[in-house]
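# Sequence and predicted structure below; questions after.
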Amino acid sequence: MNTFSVAEFRRQFPILQKLNKDSGLIYFDNAATTQKYKAVIKTSQNFYQESNANVHRGSHFLSAKATKSFEIVRLQVQTLINASSEKEIIWTKGTTESINLVAQCYGLSNLKSGDEIVLSQAEHHANIVPWQNLASQTGAVIKVIPLDKCGRIDLVQAEQVITSKCKVLAVNHISNVIGKLNPIKELIALAKNVGAKTLIDGAQSIAHSSIDVKALDCDFYVFSAHKMYGPTGVGVLYGKEQLLEQMPPYQFGGEMIKKVSFTGTTYNSLPHKFEAGTPNIVGVVGLGACLELFSKSLLSDLQAYELSLCEYTYLALSKVLGLKFLVDQQPDIPLFSFTIENVHHHDVATFLDSKGIAVRSGHHCAMPLMELFDLDGSVRVSLAPYNTFAEVDELIKQLQQFSLGENTEKLPVSTQPSADNLTTINQDEILNLFSNAKSWDLKHRQIMLLAKELPRIDKQLRSDNDLVNGCESSAWLKVSINETSHQLSFVADSDAKVIRGLMVIILSVYQHKTAEQIIAFDINAYFSQLGLMQHLSPSRGNGIKAIVERIEQLAATHL
Ligand code: PMP
């Protein structure tokens, strides 16, 4: 019988109590990082207060205590994934570093020109770029396995791609965009048949399934602690002992040596050979504290709850007007990627943020996958077992209202290449609007209303030369000058409504000004008066900066 209580589980995550009380925040960005388990926070604090010393080398009591707390976690992780020996558990700073380590230490000494590295279409950049780098170092070639209709790695096609030229197969267990378990046991068997080594990116699977590396028979399995309720800055590389033995060290320095002299150095034995320098001691100790969540019985309770949450959310999302999932069928974990018809994904995410719901939008570090879907991004909602059905209901309610509003509203499209496409709205009016909008919800609403002041430019009139670099959603900016008044006129557009609104705010101070006035204007002071920047995500903040920089560059050409 499932005795799992979400209320009880939620209480184990202090940030949820606080955010819920202060701002009613609903956190649906768990695939990016999970919230931290109370015991992780407490153990980390206790370690600094009671056990802090460097590990391995100290000849005193405190160092022995710290080393014991640190090394015991290696044994726990060994048990968690059923590795044969603790020598097979290497601490890294995360999945990304684990993959880089394998690409460099295994790949560089074992791959040669013409060898093939096989990936899938749905890899995270962390499982693409290190291999591309290896390919450029060795002359090896990257091959890609396509996906089936449901977004899983296609086994039939995999058989064609994994040939005797394949030396490494590196694929995800669960994609961070698709949320479906891949048939990795079968894929590993295909790779073994041709003598290739296998690396499984378990970043998204570790928190949702029990992993048995012996049963899988993979050569490497990698994951990050921060996606399993543990600390950031700690990751695991599991590797078969015999392979790790053969591989050269990754980085060089203290800890990874046995003996150093100026005539030469001998390296330490496993696992320390791969752990140069002082490790993230408190991170590892903190990871140890979250492992109690992965006991067989609790994990199966969590999985059962997640599954019901997954079914419920999938059905509810399916009913939202204009919502389209990226792939067919319900995901295996509660991770949903979708678009909403006629709306930019950033606009969906920014709207939800203004309602206190944190989701992710963008390419999710999986640009080749987005290319396949012919999208520049999507919305991703990813849940954890501390999320509730009531939170899902709130998400659906907000999405329904938003989609209904957006899909009934028609924006004017300007087909004339006029001097500018902006109804004049000046700085004072903007300041007035924002001084009356105190909360982010109200400010967001103002930005979206202002977006209506910027009629869309016909697609044919948007030239690639006018694209603003550094803005995550496409934004176009064109300038012309009045030869008599020397005033500059801007034509602006963006796919994202939130960016169009922000463009109106920016242009309210730059439109019809001379180049000298534009360069002299203190835009940062204006933004702080509006109280906007703190609400914008770093990527959107950078996008705004990129637009301002482009305006200043364009103005500089007319000085
Ligand atoms: N692979 C996948 C599938 C991921 O989801 C992530 C994190 N989003 C990574 C790799 C990279 O993990 P990290 O940033 O912890 O190194």
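Structure's in. What do you need? Numbering: from 1, shown residues only.
# CA only for contacts and neighbour counts going forward, please
Will do.
# V40: neighbour count?
24 (other Cα atoms under 10 Å).
# How about G356?
19.
# Backbone dihedrals for it, please?
phi 80, psi 20 (degrees, to the nearest 10).
# Let me see the contact set for it.
Contact criterion Cα atoms under 8 Å, 6 or more residues apart in numbering gives S23, G24, L25, I26 as the residues in contact with G356.
# and the gap between it and the ligand?
According to Cα to the nearest ligand atom, to the nearest Å, G356 stands 22 Å off from the ligand.
# residues in the stretch 101-250 of the chain within reach of the ligand, list them.
H124, A126, N172, S175, N176, D201, A203, Q204, S224 (Cα under 6 Å from any ligand atom).
# and the closest residue in space to the second one that isn't next to it in sequence, what element?
By that I understand A126. Spatially, and ignoring its direct neighbours in sequence, A126 is nearest to T96 (5.2 Å; Cα to Cα, 6 or more residues apart in numbering). Per DSSP states H and E: T96 is located in helix 95-101.
# now swap in C150 and tell me
Going by DSSP H and E, C150 is not in any helix or strand.
# follow-up on the earlier one: what two of the residues of the stretch 101-250 of the chain next to the ligand have the greatest distance between them?
Greatest spatial distance among these (Cα to Cα): S175 and S224, at 14.4 Å.
# Compare the two (neighbour count), which wins?
Taking neighbours as other Cα under 10 Å, S175 and S224 compare with S224 leading, 31 against 27.
# Who are the contact partners of the more buried one?
K93, G94, T95, A203, T232, V234, G235, V236.
# What separation is there between the fourth one and S136?
In this structure, A203 lies at 25 Å from S136, with Cα to Cα, to the nearest Å as the measure.
# Kindly report the same for the fifth one.
Here the criterion is Cα to Cα. By it, T232 lies 30 Å from S136.
# what does the third one give?
Per Cα to Cα, T95 is found 22 Å from S136.
# quick one, which of these two is more surrounded?
Neighbours were counted for T95 and for S136 using other Cα under 10 Å; T95 has more, 24 against 13.
# I'd say the more buried one and V236 touch.
Yes - taking contacts as Cα atoms under 8 Å, T95 lies within contact range of V236: 6.9 Å.
# any common contacting residues for those two?
By Cα under 8 Å, 6+ apart, the residues touching both T95 and V236 are V222, F223, S224.
# where does the last one fall, phi/psi-wise?
This points to S224. Torsion angles, degrees, to the nearest 10, at S224: phi -120, psi 140.
# Quick check: bridge partners of it?
Beta-bridge partners for S224, by DSSP bridges, are G235.
# if I look at it, how far off is V171?
Taking Cα to Cα, one finds S224 at 16 Å from V171.
# who's in contact with stretch 484-498?
343-347, 350, 419-422, 447-448, 451, 454-457, 473-482, 500, 503, 507, 511-515, 555.
# Kindly recompute the last result at 6 Å.
Residues outside stretch 484-498 that contact it (Cα atoms under 6 Å, 6 or more residues apart in numbering) are 344, 347, 420-421, 448, 451, 474-481, 500, 511-514.
# Within reach of the ligand, which of the residues you listed are there?
The subset of these lying close to the ligand, counting by Cα under 6 Å from any ligand atom, is empty.
# From those, which land in helices?
D347, M448, A451, R500 (DSSP state H).
# Out of these, which comes closest to the ligand?
D347 (21.5 Å; Cα to the nearest ligand atom).
# contacting residues for that closest one?
Contacts of D347 (Cα under 6 Å, 6+ apart): V498.
# what does G501 give?
I447, M448, L450, A451.
# And the furthest pair within those residues?
Farthest apart among the contacts of G501 by Cα to Cα are I447 and A451. That separation is 6.3 Å.
# Who's the closest spatial neighbour of N54, skipping the chain neighbours?
Closest to N54 by Cα to Cα, 6+ apart is S63, at 5.8 Å.
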